[in-house]
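Trainee: Got a sequence here, can you model it:
(one chain, ligands or ions: 1)
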Amino acid sequence: SFSSTVHGSPGGTPEMLLHRHKFPLLCCGCGGDGVATGVGPRGAAINDTNVQQTAGKGGARQLSWAQVEAMTSGFTSAVVGEGGFSTVYLARLAGSGSSQLAAVKVHRSSERLRRAFRQELDALLRVRHPHIVRLLAFCDQRDEGVLVLEFAPNGSLHDHLRGRPHAARRAGLAWVRGPALPPLRRAHKEERRVQPGRAAP
Ligand SMILES: Nc1ncnc2c1ncn2[C@@H]1O[C@H](COP(=O)(O)OP(=O)(O)OP(=O)(O)O)[C@@H](O)[C@H]1O
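Mentor: Predicted structure coming up:
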């Protein structure tokens, strides 16, 4: 789920993954720079000539499939993660001479999964928080829904909690290992040592 990604890249740095797996740009030649115009209703059916921007200034852009490919330089075959609903690919954002990486999350099709896509999209369009990966753009044009997300390079929260507690602490999750004896339990033991008739300290 979108909020559980902390950072990280399995199998090498993002740069290595991009280099190894890049495939050619599949843009239809629309010359799309990913800039959409207008404000449209969320969830409206779209096509190449009806591409709409959903959020206000700085918000996620609703794009056609071709525009997603243009924006992500025809994103790569480097898989950075696999979820219950989706496959997530690494991409480099095109234009602006930028080295900004993105995660392109392609939701598999099917009615049930489409509902999961809608829910995730709606939530991401509403939230803006420094600890939640930002939705840069999305495409709802084909059976597969696409979310273009800010790339979080340090692995998933699951990895940090389950496998690598040291890395978790380095990532600022200091609470991953608590004290051996919970303070409440210790207080309870001390209480039992107090003699009857004497006030507890
Ligand atoms: N923005 C991102 N940056 C880097 N990696 C990501 C990003 N989003 C997802 N991933 C990777 O892809 C994996 C799958 O993503 P996610 O958990 O969001 O998928 P999902 O289909 O919603 O699955 P589920 O709901 O079963 O968790 C994550 O565990 C993570 O490794």
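
Trainee: The longest helix seen in the chain near the ligand anywhere?
Mentor: Counting residues, the longest helix in the chain under DSSP state H turns out to be helix 111-126. No. Using Cβ under 6 Å from any ligand atom, we find that helix 111-126 stays clear of the ligand, coming within 6.6 Å at best. Every residue, glycine included, has its C-beta placed from N, CA and C.

Trainee: Give me the buried positions along that helix.
Mentor: Within helix 111-126, the residues that qualify as buried are 113, 114, 116, 117, 120, 121, 124, 125, counting by 16 or more other Cβ atoms under 10 Å.

Trainee: residue contacts, the first one?
Mentor: What it means is residue 113. For residue 113, the contact set (Cβ atoms under 8 Å, 6 or more residues apart in numbering) comprises 85, 107.

Trainee: what about it, distance to residue 141?
Mentor: For residue 113, the distance to residue 141 equals 16 Å [Cβ to Cβ, to the nearest Å].

Trainee: Repeat that for the fifth one.
Mentor: Between residue 120 and residue 141 the distance, using Cβ to Cβ, works out to 16 Å.

Trainee: cool, and the fourth one?
Mentor: When Cβ to Cβ is the yardstick, residue 117 and residue 141 sit 12 Å from each other.

Trainee: Tell me where this structure is predicted with low confidence.
Mentor: Applying pLDDT under 70 to the chain flags residues 1-58, 96-98, 160, 163-201.

Trainee: try 50
Mentor: Low-confidence segments of the chain (pLDDT under 50): 1-11, 19-57, 178-182, 185-189, 191, 200.

Trainee: Can you pull the residues of it lying near the ligand?
Mentor: 1-2, 4-5, 80-86, 88, 103, 105, 133, 149-152, 156.

Trainee: let's go with 5 Å and repeat that
Mentor: 1, 5, 80-81, 83-86, 88, 103, 133, 149, 151-152, 156 (Cβ under 5 Å from any ligand atom).
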